[in-house]
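Visitor: Sequence isn't available, so here's the structure alone:
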């Protein structure tokens with residue numbers, strides 16, 4: 001066990017830990033951010049802990065997956081887009097994992113604007129659906145990244 005010793009940069013806070021060790025805090029006020037409220041906010045996959053991405057943020061993520069050599073692909077879900085249990089209570093079984101593919105994967109796509117155009121088309125045709133962008137590695141046949149591009153109002 002490593003002990004923290006006081007220095008000029010650290011100041012003692014009132015109270016001690018249950019083990020009787022002194023607690024230390026940095027001199028300034030500590031600000032904490034809650035990452036996941038336990039009620040009312042459903043989470044998705046990658047990047048879901050961040051605020052929603054704007055057009056520029058989406059374009060940057062799409063550029064990243066293209067630089068990695070992955071193929072952009074769009075999926076959408078009209079019903080419940082969250083992972084949930086509906087039909088079975090077996091461990092490891094969840095509904096809502098598989099979404100409907102929007103067109104075919106965008107093989108040969110080199111411009112994030114093309115992908116964003118497809119996101120717009122999908123969200124206009126299905127305004128109450130969630131739309132996500134996937135990065136598919138066609139050599140290894142796996143999905144490498146997935147993030148939400150559109151949430152219904």
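Guide: Perfect, thanks for sending it. On a predicted model such as this, the values are computed, not experimentally measured, just so you know.

Visitor: Residue 58 - that's part of a strand, no?
Guide: No: checked against DSSP: H, G, I helix; E, B strand; the rest coil, residue 58 lies outside a strand; its state is helix.

Visitor: and it, what does it touch?
Guide: Contact analysis of residue 58 by C-beta atoms under 8 Å, 6 or more residues apart in numbering lists 112, 116, 119, 133, 149. For every residue, glycine as well, the C-beta is placed using N, CA and C.

Visitor: Among those, which are located in strands?
Guide: Among these, the members falling in strands are 133, 149 (criterion: DSSP state E).

Visitor: show me where the protein has helices.
Guide: 55-67, 112-125 (DSSP state H).

Visitor: can you redo those as JSON lines with mean pLDDT and distance to residue 102?
Guide: Putting these into JSON lines (pLDDT from 0 to 100; distance: least, C-beta to C-beta, whole Å) gives the following:
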{"stretch": "helix 55-67", "mean pLDDT": "96", "distance to residue 102": "14"}
{"stretch": "helix 112-125", "mean pLDDT": "97", "distance to residue 102": "5"}
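
Visitor: how far away is residue 100 from residue 145?
Guide: For residue 100, the distance to residue 145 equals 19 Å [C-beta to C-beta, to the nearest Å].

Visitor: between the two, which one's more packed in?
Guide: Taking other C-beta atoms under 10 Å, residue 100 and residue 145 do not tie; residue 145 has more neighbours (19 against 13).

Visitor: What is the neighbour count of the closest residue in space to residue 48 that isn't next to it in sequence?
Guide: Distance criterion C-beta to C-beta, 6 or more residues apart in numbering; nearest residue to residue 48, sequence neighbours excluded, is residue 148 at 6.8 Å. The tally of other residues near residue 148 (other C-beta under 10 Å) stands at 19.

Visitor: you'd agree residue 148 is up against residue 134?
Guide: No: checked against C-beta atoms under 8 Å, the pair residue 148 and residue 134 is beyond contact range at 11.0 Å.

Visitor: could you pull out the strands for this protein?
Guide: Under DSSP E, the chain gives strands at 10-16, 22-26, 71-77, 100-102, 130-137, 142-150.

Visitor: What distance do you get for residue 109 to residue 144?
Guide: Going from residue 109 to residue 144 by C-beta to C-beta gives 15 Å.

Visitor: Thanks again, I'm all set now.
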